[in-house]
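mind looking at a prediction? Sequence and model below.
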Amino acid sequence: MQWETVIGLEVHVQLATRSKIFSGASTAFGAEPNTQACAVDLGMPGVLPVLNESAVAMAVQFGLAIHADIPEVSVFDRKNYFYPDLPKGYQTSQMYHPIVGAGEVEITLEDGDTKRIRVHHAHLEEDAGKSLHESFSDGMGHAMTGIDLNRAGTPLLEIVSEPDMRSAKEAAAYLKAIHSIVTYLGISDGNMAEGSMRCDVNVSVRPRGQERLGTRAEIKNVNSFRFVERAIAFEVERQIELLEDGAEVVQETRLFDPERDETRSMRTKEEANDYRYFPCPDLLPVVLDDAYVDHLRDNLPELPADKRARFEHELGLSTYDASVLSASRDMAEYFEQVKAVCGDAKQAANWVQGELSGALNREGLSIANSPVSAKQLGELISRVIDDTINGKAAKQVFQALWNGEGDSADAVIETKGLKQVTDSGAIEAMIDQVIAESPGQVAQYRDAEPDKRGKMIGYFVGQVMKASRGTANPQQVNALLKEKLDALC
C-alpha cells in the first residue's frame, strides 16, 4: 500500500521583549535559576497581570508578514493543567480569539519549486518554567527534579500551521521560513539552542488518495531543523509499521531522543476540553484599530521573499544564490555590504557562499561573528577584479585576514608580496626559461595531435606559476605559452 505523510507544526517563538508578557521581570537568558521570576509570574495572591504592548506589536508584525487576517479584537484565555513548572496551575494563552488569523508562508522545495503552507492562526501566550532532571538528589542517593522558573511568563508567539506538509524536508523548509521571517522582523533572535524557537510536530499517515486524516502523534519541543527531519522520519516509519501489522496508531504526545534517534511515548494526547479553557478574568480584550495596524505595516522591513526577488531580478543572481543569501538577515546584510564595496554581485555571492561560509562552518561561527568584515572581503574581491592579485593569491589574502594578519587586503598583498605580475615582458622571460629547461615536454607537445595539446600545456603553466611564486597572471601565462609553443611546432 502507498502511504501519504501528513504533517503540521506548532512553532513556539520567544519574542524579543526585554520584560515578560504580563510582568516587568527580565527575559535575559542565562541568569541563575529562579532569579527572574516575580510575584506576577508565580501567580501570588493579590497580583494582576499587565499586558506587554511590545509583545502585541511583534505578534501583529508577524501576522502582517505572512499576509494574515488581523482581528480587531483578541482575547486571552486560561489553559488549565497541573505540572511542577507551571506555578499558577494554568497558562495564560489564547484559544478562541487569537491575535493573528489565517495566513500563509511560502517555502522553497529542493527542486527549486515553491509551495504555500497555510497558517491556521498565531496566538500569544506565556511560557512555563523548566524542569531540571539532572544533578539533583536529596543527599541519600535519591534522584530529584529541580524547577527553574526564570522562563515562566516569557512571551511566546505560537504559530499553528494547517496539515499541509507532506515530507520531513517540507517541514524543515517551513520551519526555516518561519525562522527567517521572525529574525528579519527582529521579533526574535531565533536561537534554537537557547529555546528561543522550538516546535511541536504533528505527524500522521494515511493511504494515498484517502481524504480523511490518520491518527496523529505530537512530538513535543523539537529544537533544531535537523532533529525535525529525523523525528519525522522515525515517526512515519513507526506508524506505517503499526498499520501494516494490523495495529492502530494511538493519539499521544511523544518526545524525540536525538541520541537514540527515536521518538518515545510521553502521555496520551489531551483534547482542548481537557484543559478547561475559559476567558482570563484578569485581562481585558485587546482591541486594535486600523491606524495602529497600518503604522506597523508601514514600518515592516524588507522581508525574505521580497529580498530574494530583488537579488534575483535586480542583481541578476540565480534563484539558488538569491535563496541562500536571503535566508538569513545577517547573511543578506553582509552580502549587500560586500557587493557595495566591490561592485560585482556575482563575485560577492561566490565569495560569501564559498570561501567565507566554508571558513565559518569549519570554525562553528555565525556570519555576525566573522573575523573578516564585509568591507575587508569587498576590498579583497576588488583586487581580484582589477587584476591586482589572481585567484590563488586571493585565497592566501583571505586566510591572512581571517587570521588577523592584516587590517586590509591591500596591506596583506603588500606585506606578502602577492601583487600579480602583469608585465608581459617579465612573464615572457619566465616562459622562455621554463621552455628552455623542459626539452622533453616541448618535444611531446610538438609531436602531439593539435587537439590534444591543450591538456599538455598545463605542465608549462604550472612551472611558470611556480617560478613566479603564484603571482603571474594566469590568463596572460596561458596565452603567451600557447603562442610560443605553437611557434615551435
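Good, I have the coordinates. Numbers count the residues shown, from 1 in each chain.

going forward, measure contacts between C-alpha atoms and count neighbours the same way
Noted.

next structured bit after the longest helix seen in the chain?
In the chain, with assignment by DSSP state H, the single longest helix is helix 225-244. The first helix or strand that comes after helix 225-244 along the chain, using DSSP states H and E, is strand 252-257.

tell me the mean pLDDT for the helix or strand following that next one?
Helices and strands here follow DSSP H and E; after strand 252-257, the next one along the chain is strand 262-268. Mean pLDDT, strand 262-268: 87.

pull out the buried positions in strand 262-268.
Across strand 262-268, burial judged by 16 or more other C-alpha atoms under 10 Å covers 262-263.

try stretch 353-360
Neighbour-count burial for stretch 353-360 [16+ other C-alpha under 10 Å]: 353, 356-357, 359-360.

show the average pLDDT along it.
pLDDT averaged over stretch 353-360 gives 96.

what do you get for stretch 92-106?
The pLDDT scores in stretch 92-106 average 97.

pLDDT (mean, whole number) over the longest helix of the chain?
96.

ditto for stretch 54-72
Regarding stretch 54-72, the rounded mean pLDDT is 98.

roughly how far out does it sit from the chain middle?
Offset of stretch 54-72 from its chain centre (C-alpha atoms, centre = their mean, to the nearest Å): 22 Å.

ends of stretch 344-361, how far apart?
Stretch 344-361 has an end-to-end distance of 24 Å (criterion: C-alpha to C-alpha, to the nearest Å).

tell me which of the buried residues of stretch 353-360 fall in strands.
In strands, judged by DSSP state E, none of the buried residues of stretch 353-360 are found.

what sits up against the helix or strand in which Gly8 is found?
Element membership for Gly8 (DSSP H and E) is strand 3-14. Strand 3-14 is contacted by residues 154-167, 171, 175, 188, 190, 195-208, 213, 236, 240 when judged by C-alpha atoms under 8 Å, 6 or more residues apart in numbering.

now that strand: mean pLDDT?
The average pLDDT within strand 3-14 is 97.

hey, C-alpha coordinates of that strand in PDB?
Extracted C-alpha coordinates of strand 3-14, given in PDB (Å, rounded to 0.1, in the frame of the first residue of the first chain):
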ATOM      1  CA  TRP A   3       1.200   5.800   2.300                       C
ATOM      2  CA  GLU A   4       1.000   9.600   2.400                       C
ATOM      3  CA  THR A   5       2.600  11.500   5.300                       C
ATOM      4  CA  VAL A   6       0.600  14.500   6.700                       C
ATOM      5  CA  ILE A   7       2.500  17.000   8.900                       C
ATOM      6  CA  GLY A   8       1.500  20.100  10.800                       C
ATOM      7  CA  LEU A   9       3.800  22.200  13.000                       C
ATOM      8  CA  GLU A  10       3.100  24.300  16.100                       C
ATOM      9  CA  VAL A  11       6.100  26.700  16.300                       C
ATOM     10  CA  HIS A  12       6.800  28.400  19.600                       C
ATOM     11  CA  VAL A  13       8.800  31.700  19.100                       C
ATOM     12  CA  GLN A  14      10.100  33.600  22.100                       C
END
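
buried set for it?
So, applying 16+ other C-alpha under 10 Å, buried residues of strand 3-14: 4-14.

quick one: low-confidence ranges for this protein?
For the chain, residues meeting the criterion pLDDT under 70 lie at 1, 138, 269-272, 421-423.

can you pull the domain assignment for it?
Here the domain assignment for the chain is 3-293, 302-416, 424-488, based on the TED database.

how about the closest residue to Ala327 other than its chain neighbours, what does it touch?
Nearest non-adjacent residue to Ala327, counting by C-alpha to C-alpha, 6 or more residues apart in numbering: Ser180, 5.9 Å away. Neighbour list for Ser180: 304, 327-329 [criterion: C-alpha under 8 Å, 6+ apart].

list just the nearest of those residues to Lys339.
Arg329 (15.3 Å; C-alpha to C-alpha).

pretty sure the closest one contacts Leu185?
No. At 9.1 Å, Arg329 and Leu185 do not qualify as touching, with contact defined as C-alpha atoms under 8 Å.

so which helix or strand takes in the closest residue to Cys489 other than its chain neighbours?
Once flanking residues are discounted, Cys489 sits nearest to Arg446: 5.0 Å by C-alpha to C-alpha, 6+ apart. Here Arg446, judged by DSSP H and E, is contained in helix 439-447.

please enumerate the helices of the stretch 1-150 of the chain.
For the stretch 1-150 of the chain, the helices defined by DSSP state H, counting those that start in this stretch cover 39-42, 53-65.

in a markdown table: the ones you listed, plus distance to Glu333 and mean neighbour count.
Output for these, formatted as a markdown table (distance: least, C-alpha to C-alpha, whole Å; neighbours: other C-alpha atoms under 10 Å):
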| stretch | distance to Glu333 | mean neighbour count |
| --- | --- | --- |
| helix 39-42 | 38 | 20 |
| helix 53-65 | 19 | 21 |
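
and those: which comes nearest Leu401?
Taking C-alpha to C-alpha, helix 53-65 is the member of the helices of the stretch 1-150 of the chain nearest to Leu401, at 38.2 Å.

using PDB, write out every CA atom in that closest one.
Extracted C-alpha coordinates of helix 53-65, given in PDB (Å, rounded to 0.1, in the frame of the first residue of the first chain):
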ATOM      1  CA  GLU A  53       2.400  46.200  24.400                       C
ATOM      2  CA  SER A  54       5.700  45.200  22.700                       C
ATOM      3  CA  ALA A  55       4.600  41.600  22.500                       C
ATOM      4  CA  VAL A  56       1.300  42.700  20.900                       C
ATOM      5  CA  ALA A  57       3.200  44.800  18.300                       C
ATOM      6  CA  MET A  58       5.500  41.900  17.500                       C
ATOM      7  CA  ALA A  59       2.700  39.400  17.000                       C
ATOM      8  CA  VAL A  60       0.900  41.800  14.700                       C
ATOM      9  CA  GLN A  61       4.100  42.400  12.700                       C
ATOM     10  CA  PHE A  62       4.400  38.600  12.200                       C
ATOM     11  CA  GLY A  63       0.700  38.400  11.000                       C
ATOM     12  CA  LEU A  64       1.300  41.200   8.500                       C
ATOM     13  CA  ALA A  65       4.400  39.500   7.200                       C
END
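
orientation of that helix relative to strand 3-14 in degrees?
150 degrees (axes from the mean of the first three to the mean of the last three C-alpha atoms, to 10 degrees).

tell me which strands and helices helix 53-65 is in contact with?
Using 3 or more C-alpha pairs under 8 Å, 6 or more residues apart in numbering; DSSP states H and E, the elements in contact with helix 53-65 are strand 114-126, helix 168-185, helix 290-298.

what residues sit buried inside the longest one?
The one in question is helix 168-185. Buried positions in helix 168-185, judged by neighbour count with 16+ other C-alpha under 10 Å: 168-185.

for the very next helix or strand once past that helix, packing partners?
Heading C-terminal from helix 168-185, the first helix or strand you meet, by DSSP H and E, is strand 197-207. Helices and strands touching strand 197-207, by 3+ C-alpha pairs under 8 Å, 6+ apart, are strand 3-14, strand 217-222, helix 225-244.
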